[in-house]
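**Q** sequence? don't have it. structure:
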């Protein structure tokens with residue numbers, strides 16, 4: 001009986017720890033959402049990115065507990081994360097979810113899980129990948145033929161070679177063409193919105 005009691009206590013303790021980190025994610029996501037301009041464009045996209053950004057520091061725990069791969073998250077993993085956090089955020093900050101659902105009804109190109117459908121890439125760049133960093137998101141630096149270096153972030157689904165998804169670090173030094181959208185997101189470090197180059201597709205030259 002003592003052994004069983006100890007096991008129950010350990011399980012309960014682990015559940016509390018798991019709940020603690022999920023609570024932190026939800027709190028941070030809700031704080032992020034509160035800074036979004038609700039009258040701006042792509043509100044639901046930004047809501048999805050708030051969920052992803054808040055979850056990234058706990059990527060290993062999320063992978064262990066929910067089987068969700070956070071690096072380059074897209075598709076079913078993005079949808080699953082949205083479902084899990086959406087239910088919790090509906091309690092913590094319901095107004096954000098109501099706002100998102102209203103926008104989805106008006107514009108079905110974007111959903112709250114951060115997946116973009118039927119969106120055309122606005123710009124492209126061709127150059128050599130001279131740096132790849134794994135921070136909150138994967139950031140790829142490109143050096144073009146004029147020697148100019150620019151950065152591009154991997155936030156949602158990227159149309160690319162299958163090999164790139166699992167071996168993107170091997171592309172360091174390779175010449176590629178990147179198509180991207182310029183999107184505005186809130187940067188908490190400078191307390192302002194700024195433009196980010198969000199990758200939509202990548203092909204080897």
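**A** Thanks, I have the structure now. Note that the coordinates shown come from a computational prediction; the quantities given were computed from them, not determined experimentally.

**Q** secondary structure element holding the most centrally placed residue in the chain?
**A** In the chain, the residue lying closest to the centroid (C-alpha atoms, centre = their mean) is residue 52, at 3.7 Å. Taking DSSP states H and E as the definition, one finds residue 52 inside helix 43-55.

**Q** next SSE after that helix?
**A** Taking DSSP H and E, what comes next after helix 43-55 is helix 59-66.

**Q** which parts of that next one are buried?
**A** By 16 or more other C-beta atoms under 10 Å, the buried positions in helix 59-66 come out as 59, 61-62. C-beta: built from backbone N, CA, C; applies to glycine.

**Q** nearest to residue 184 among those residues?
**A** Residue 184 lies nearest to residue 59 out of those, by C-beta to C-beta, at 24.9 Å.

**Q** now do the strands in this protein.
**A** Listed in chain order, the strands found in the chain under DSSP state E are 123-134, 138-143, 149-154, 159-160, 175-187, 192-204.

**Q** roughly how far is the last one from the heart of the chain?
**A** By that I understand strand 192-204. 12 Å (C-alpha atoms, centre = their mean, to the nearest Å).

**Q** now do the third one
**A** The chain centroid and the centroid of strand 149-154 are separated by 15 Å under C-alpha atoms, centre = their mean.
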